[in-house]
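Visitor: could you look at this predicted model? Sequence included:
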Amino acid sequence: MPALDIDFIRSQFPAFSEGSLEGQAFFENAGGSYACGQVIDRLTRYYRETKVQPYWTFAASAKAGAQMDEAYARIAGLMNVTADEVNFGPSTSQNTYVLANAFRPLWADGDEIIVTNQDHEANTGAWRRLADRGIVVREWQVNPETGQLDLADLDTLLNNKTRLVTFPHCSNIVAHINPVREIADKAHSVGAHVVVDGVSYAPHGLPDVEALGADVYLCSLYKVYGPHLGLMVVRRALLDALANQSHFFNADVPHAKLTPAGPDHAQIAAAGGVADYFDTVHAHHFGDEPNAPTRGRQVHDLFRAQEQALLEPVLEYFRSRNDVRLMGPSDAAVRAPTVAVHTLNRNPHEIAEDLAPKGIMAGAGDFYSVRVIDAMGVKPDPGVLRVSFVHYTTRHEVDRLIAALDETLG
């Protein structure tokens, strides 16, 4: 594994040469990452050159449609799925809502689904509402001390009436990386489908969905250096079976079936810039590789190695203090670099406010994960302090974070 060339990486992001952001270390990446230059360029070019209805025969329209098709195909390649399994929507929250409505006609009253209390509300609320429509909703609960999900508890919930298991790849609070493949295999053994919320995981490297065994994988591209779109991979056999959520004449159109309203053409075209960025990173670090899934896996592992090295000192710092409680595991090998802490002596919002003048951008609150915070015995109001980063964060910024926390916490 080559070492990440951090100077090259940061040169791909206009934010790092933006004067208004000079001296600011960004530690709220779990809420949304900086956009890479490739995405910004594609979005600007689309609005300048092809802001017309796509897919007609005249040149500007044909070019617009080709740019959209390229985004579907290239992102699909990196995630090891086919282009017709990639769906874009305005957000993951809305994609999940649409998906829940598409699943419901497949099930009978009394059928069961399993949700967790580790999730962001976007991947639990829409499913829980199906309890009002005849579906039995069972909750896979976290350990209140660790915030983690125990596979043995899942075994007690699964049965021959289970139709769906939905859970996060990793929580935006606990950050433990759940064993997706093992969970998927358990669910499939009873005939259930698997929906994985990858919003908090995908910014750390696009996953190989085929290897994970997920039937549906959701993420938010604005957290993966892209435009404000939700990305939803739905495996083709399942997509064909789901109830149409679009116009009746779109029932057999893969990209339209789960899109009740018209898509944002410009942002879909701009999403191709995410693939541009990943391929640029790959070429710089690994050289030529014609196989897209291999490129995706190698960039994923490159990002993961960089982030794990930076996560170690952050976790060590919080482990050394007796005035905070680390939410989730203290081992960098099993968690994403999203670190939430329950601050025992001070309001987390006040701490975030004190960090801002020191050039540290961090957040505080419940982060739409009220259920897991409450399950771990922390009041959602005021919630927790959260610092989160991705591969473009530097060791110098991590050192600045620790120094600022030390000064702020006292």
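Guide: Great, that's in hand. On a predicted model such as this, the values are computed, not experimentally measured, just so you know.
Visitor: hmm, residue 376 is touching residue 118, no?
Guide: No. Using Cβ atoms under 8 Å, residue 376 makes no contact with residue 118, being 9.9 Å away. C-beta: built from backbone N, CA, C; applies to glycine.
Visitor: determine the set of other helices and strands touching the stretch of helix or strand residue 94 belongs to.
Guide: Residue 94 belongs to helix 92-103 when assigned by DSSP states H and E. Applying 3 or more Cβ pairs under 8 Å, 6 or more residues apart in numbering; DSSP states H and E, one finds that helix 92-103 contacts strand 86-89, helix 125-128, strand 193-197, strand 216-220, strand 230-234.
Visitor: and the average pLDDT for it is what?
Guide: For helix 92-103, mean pLDDT is 97.
Visitor: buried set for it?
Guide: 92, 93, 94, 95, 96, 97, 98, 99, 100, 101, 102, 103 (16 or more other Cβ atoms under 10 Å).
Visitor: how near is residue 367 to residue 108?
Guide: 36 Å (Cβ to Cβ, to the nearest Å).
Visitor: more crowded one of those two?
Guide: Neighbour count, other Cβ atoms under 10 Å: between residue 367 and residue 108, residue 367 has more, with 25 against 9.
Visitor: wait, what's in contact with that one?
Guide: With contact set as Cβ atoms under 8 Å, 6 or more residues apart in numbering, residue 367 has these partners: 30, 31, 120, 172, 173, 340, 383, 384, 386.
Visitor: try 6 Å
Guide: Contact partners of residue 367, counting by Cβ atoms under 6 Å, 6 or more residues apart in numbering, are residue 172.
Visitor: for residue 83, same thing?
Guide: Applying Cβ under 6 Å, 6+ apart, the residues near residue 83 are 72, 73, 76.
Visitor: closest to residue 156 out of those?
Guide: residue 76 (36.4 Å; Cβ to Cβ).
Visitor: which helix or strand contains the closest one?
Guide: In the assignment (DSSP H and E), residue 76 maps to helix 59-78.
Visitor: re earlier: figure out which of the helices and strands packed on helix 92-103 is closest to residue 178.
Guide: Closest to residue 178 of the helices and strands packed on helix 92-103 is strand 193-197 (Cβ to Cβ; 8.5 Å).
Visitor: what does the closest one contact?
Guide: Contacts of strand 193-197 from elsewhere in the structure, counted by Cβ under 6 Å, 6+ apart, are 123, 164-166, 168-169, 180, 184, 187, 214-218.
Visitor: how about residue 134, nearest residue that isn't a chain neighbour?
Guide: residue 109 (3.6 Å; Cβ to Cβ, 6 or more residues apart in numbering).
Visitor: quick check: phi and psi on that neighbour?
Guide: Main-chain torsions, residue 109, degrees, to the nearest 10: phi -60, psi 140.
Visitor: now swap in residue 338 and tell me
Guide: phi -120, psi 110.
Visitor: contacts only, for it.
Guide: Contacts of residue 338 (Cβ under 6 Å, 6+ apart): 30, 172, 175, 388.
Visitor: what number of residues lie near residue 296?
Guide: Other residues close to residue 296 by other Cβ under 10 Å number 25.
Visitor: gap between the strand or helix carrying it and the chain center?
Guide: Residue 296 is located in helix 292-319, with elements delineated by DSSP H and E. Relative to the chain's own centre, helix 292-319 is displaced by 15 Å; criterion: Cα atoms, centre = their mean, to the nearest Å.
Visitor: residues of the least confident helix or strand in the chain by mean pLDDT that come out buried?
Guide: One helix or strand of the chain scores below all others by mean pLDDT, DSSP states H and E: helix 254-257, with a mean of 95. Of all the residues in helix 254-257, those buried under the rule 16+ other Cβ under 10 Å are 254, 255, 256, 257.
Visitor: just give the closest residue to the third one, not the sequence neighbours.
Guide: What sits nearest to residue 256 in space, not counting adjacent residues and going by Cβ to Cβ, 6+ apart, is residue 250, at 3.9 Å.
Visitor: tell me how far that neighbour lies from residue 90.
Guide: Counting by Cβ to Cβ - residue 250 and residue 90 are separated by 17 Å.
Visitor: do residue 176 as well
Guide: Counting by Cβ to Cβ, the gap from residue 176 to residue 90 is 29 Å.
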